[in-house]
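# My questions are about this predicted structure, shown below with the sequence.
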Amino acid sequence: MGFRCMLMELALFSIKLTVMATSFAAEAKPGCQTHCGGITIPYPFGTGSAECYINESFSIRCNTSFDPPRAFLTTTDIEVLHISVDGYLRIRYPVGYDCYNSSGSSSYFNAGFTLEKFYISHTRNKFTAIGCDTYAYIEGFVGRTYSTGCVSFCYDAAEVVNGSGSGIGCCQIDIPKGVTDYRLSFGSYWSHSKVLSFNPCSYGFAVEDGVYGFSLSHFLDPDFGKKKFPMILDWTIGNQSCTEARMDPQNYACKENSACIAPANGRGYLCKCLHGSKGNPYLSHGCQI
């Protein structure tokens, strides 16, 4: 009898673990699409019906014309690579460029976007400029007004050090805290005329810290201006503080076994499962012990 009871207990324990694993995996709102291609879509994000996301800012557009399908942020052309319930998402965004030939300027693309509810992470990204006759800067006017830039110079390819972002061929700087828009612009002192043989273009882009490795070969790569790099955006719920949000229980986003926390970047608040529990704190009974 004792052995049979032990087997029954083990079977029940196995079922419990399976239920818990299923619960943790079910990060989307019940009845809603859980994936777009290889991307998991956890609530408060969602795709399809408006009931599947907390508000329009968190809507994910799943474009099935690609194989596999690709996820895009709301109505923008910003591709989403990963969504975390810890308050960030990874996107892919194109490189900006300013190119020249012997006749002068040949092509120019000043990449940029404006987002109402997402903040460019100031701790997980670097603004990067590469070129030997380059000054590139980013600025924003929505929410917090800011402007910052990078200067990169060199006169000979031999001066350039692969992997270095010290300003000789490549420059990297931090992005200010609390910014929601990003406008890239370029300048050149000599229109690359003194370095045209090995560096016809300036490039600028925000990139997830640690992802990009500078190389002299990028100067003459005809496809470098077509590249897209991963960037981290921070997200929060609403514009209220935790104290204010708790006073509005009907719209308070933090569910059972979770706590409200202040974000490191931007206004609003985040939810986190209490110590000892795991799951999605934005779903009812989403945090399981």
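Good, I have the coordinates. Residues are numbered from 1 along each chain as shown.

# Okay, now the unreliable bits of the chain?
Counting by pLDDT under 70, the ranges of the chain that qualify are 1-26.

# How is it partitioned into domains?
The chain breaks down into these domains under automatic domain parsing: 1-86, 91-234, 236-289.

# In JSON lines: the ones you listed, plus mean neighbour count.
C-beta coordinates here come from the backbone N, C-alpha and C atoms, glycine included. Below are these laid out as JSON lines (neighbours: other CB atoms under 10 Å):
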{"stretch": "domain 1-86", "mean neighbour count": "15"}
{"stretch": "domain 91-234", "mean neighbour count": "18"}
{"stretch": "domain 236-289", "mean neighbour count": "17"}
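
# Tyr88: what's it in contact with?
Applying CB atoms under 8 Å, 6 or more residues apart in numbering to Tyr88 gives the contacts Ser121, Arg124, Ile232, Leu233, Asp234, Trp235.

# My error: substitute Glu27 in the last question.
Thr34, Thr40, Ile41, Pro42, Tyr43, Val85, Gly279, Asn280, Leu283, Gly286.

# Next one: the residue nearest to the first one when sequence neighbours are not counted from Cys36, what distance?
When you say that, I think you mean Thr34. Leaving aside its sequence neighbours, Thr34 sits nearest to Ala28 (CB to CB, 6 or more residues apart in numbering; 4.3 Å). Distance of Ala28 to Cys36, given as CB to CB, to the nearest Å: 11 Å.

# Tell me the strands beside the helix or strand Ala206 falls within, with direction?
Assessed by DSSP states H and E, Ala206 sits inside strand 201-208. Sheet pairing of strand 201-208 (DSSP bridges) gives strand 96-101 (antiparallel), strand 125-130 (antiparallel).

# and Asn55, how far is that from Glu256?
Taken as CB to CB, the span from Asn55 to Glu256 is 21 Å.

# Next up, the contacts around the most centrally placed residue in the chain.
Residue closest to the average C-alpha location in the chain (CA atoms, centre = their mean): Ile232, at 2.6 Å. Contacts for Ile232 (CB under 8 Å, 6+ apart) come out as Tyr88, Leu89, Arg90, Ile91, Ile120, Ser121, Arg124, Asn125, Glu208.

# My guess is Glu139 contacts Ile175. True?
No: Glu139 is beyond contact range of Ile175, at 11.3 Å (criterion: CB atoms under 8 Å).

# any shared contact partners between these two?
Common contacts of Glu139 and Ile175 (CB under 8 Å, 6+ apart): Thr148.

# if we can go back for a sec, next SSE after the strand holding Ala206?
Per DSSP H and E, the first helix or strand lying C-terminal to strand 201-208 is strand 228-235.

# partners of that following strand in the sheet?
In its sheet, and by DSSP bridges, strand 228-235 pairs with strand 88-94 (antiparallel), strand 118-120 (antiparallel).

# With distance to Cys170 added, can I get the strands paired with strand 201-208 in JSON lines?
Below are the strands paired with strand 201-208 laid out as JSON lines (distance: least, CB to CB, whole Å):
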{"stretch": "strand 96-101", "distance to Cys170": "15"}
{"stretch": "strand 125-130", "distance to Cys170": "5"}
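
# and Ser202, which of these is closest to it?
Closest to Ser202 of these is strand 96-101 (CB to CB; 4.4 Å).

# contacting residues around that closest one?
Strand 96-101 is contacted by residues 105-112, 134, 136, 184, 186-188, 191-193, 196, 200-205, 224-225 when judged by CB under 8 Å, 6+ apart.

# And Ala28, how close does it get to Met247?
Distance, Ala28 to Met247, by CB to CB: 28 Å.

# actually Asn162, not the one I typed
The value you get for Asn162 to Met247, if CB to CB is used, is 55 Å.

# again with Gly96
Counting by CB to CB - Gly96 and Met247 are separated by 44 Å.

# likewise His192?
Where Met247 is concerned, His192 sits at a distance of 58 Å (CB to CB).

# Need the distance between the two termini of stretch 113-126.
Separation of the first and last residues of stretch 113-126 by CA to CA, to the nearest Å is 16 Å.

# what's the answer for stretch 149-167, then?
12 Å.

# For it, which outside residues touch it?
Stretch 149-167 is contacted from outside by 126-138, 168-173, 194-195, 198-199, 202, 204, 213-216, 219, using CB under 8 Å, 6+ apart.

# Report the distance from it to the chain centre.
Remark: stretch 149-167 is offset 27 Å from the chain centroid, using CA atoms, centre = their mean, to the nearest Å.

# Stretch 172-189 too?
Chain-centre distance of stretch 172-189: 16 Å, with CA atoms, centre = their mean.
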